[in-house]
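# Next come a sequence and a model predicted from it.
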Amino acid sequence: MSTADQERLDRLERRLRELEDDREIRQLVASYGPAVDTGDAEATAALWTTDGSYDVGGMEKPFVGAEAVGNLVTIPGHQGYLARGCAHVMSAPVIHVDGDRATANCYSRLYLHDDDHWVVARVSSNRWELERTADGWRVARRENRLLDGDEAARALLRP
């Protein structure tokens with residue numbers, strides 16, 4: 001194989017890996033809503049690294065560890081959402097990959113069923129810090145803040 005052919009092949013492999021990383025990270029972020037809206041603690045935990053964390057604004061402390069993050073679907077507040085009817089919806093993330101680490105910034109909305117209509121109960125900014133693992137991309141840290149005018153929420157949207 002010529003040097004030019006090898007360089008071309010190397011460029012194609014890099015581009016393919018970038019596309020695959022982007023697709024996998026988008027799929028990971030999009031999988032969060034269905035996992036929590038079905039109350040599936042195992043599926044929710046599977047999105048995180050073993051020692052990953054989820055810092056939900058307004059909570060006393062972050063959930064630390066995949067099992068703890070997964071178990072957030074069992075807390076009374078979340079169970080109330082499920083009983084009422086809910087949808088956690090993520091916007092398309094802005095993704096930045098740097099080797100085996102990445103960040104994804106996006107918005108999230110929580111819709112709650114209310115009689116014959118839906119209400120937006122929460123609109124937040126999110127920063128996902130991700131790691132490539134032997135099992136694919138996983139969440140190492142997620143931070144979520146209400147978009148209520150606070151600078152901290154806007155800061156999460158910056159790359």
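Sure, I can see it.
# ok, for Gly65, nearest residue in space, not its chain neighbours?
Computed as CB to CB, 6 or more residues apart in numbering, the closest residue to Gly65 that is not its neighbour in sequence is Asp51, at 6.0 Å. All C-beta spots, glycine's among them, are computed from the backbone N, C-alpha and C.
# Next up, phi/psi of that neighbour, please.
Note on Asp51: backbone dihedrals following degrees, to the nearest 10 are phi -110, psi 20.
# quick one: it and Val123, what's the gap?
29 Å (CB to CB, to the nearest Å).
# neighbour count winner among these two?
Val123 (13 against 10; other CB atoms under 10 Å).
# Just checking: what are the partner strands of the helix or strand where Asn126 lies?
In this structure, Asn126 is located in strand 117-133 according to DSSP states H and E. For strand 117-133, the paired strands and their directions (DSSP bridges) are strand 101-114 (antiparallel), strand 136-146 (antiparallel).
# sec struct for the residue nearest to the spatial centre of the chain, please.
When CA atoms, centre = their mean is applied to the chain, the residue found nearest the centroid is Val29 (3.8 Å). Following DSSP: H, G, I helix; E, B strand; the rest coil, we place Val29 in the helix state.
# Pretty sure it sits against Thr103.
No: judged on CB atoms under 8 Å, Val29 makes no contact with Thr103 at a distance of 11.2 Å.
# Name the residues contacting each of these two.
Shared contacts of Val29 and Thr103 (CB atoms under 8 Å, 6 or more residues apart in numbering): Trp128.
# per-residue pLDDT, Ile114?
That one is not Ile; residue 114 is Asp. Looking at Asp114, its pLDDT is 96.
# By neighbour count, which bits of the host helix or strand of Gly52 are buried? Give me those.
In the assignment (DSSP H and E), Gly52 maps to strand 48-56. Buried residues in strand 48-56, counted by 16 or more other CB atoms under 10 Å: 48-49, 52-54, 56.
# Can you pull out the residues in contact with that strand?
Contacts of strand 48-56 (CB under 8 Å, 6+ apart): 62-66, 69-70, 72, 131, 133, 138-144.
# List only buried entries from those residues.
Using 16+ other CB under 10 Å, the buried ones in the contacts of strand 48-56 are 63, 65-66, 69-70, 72, 131, 138-144.
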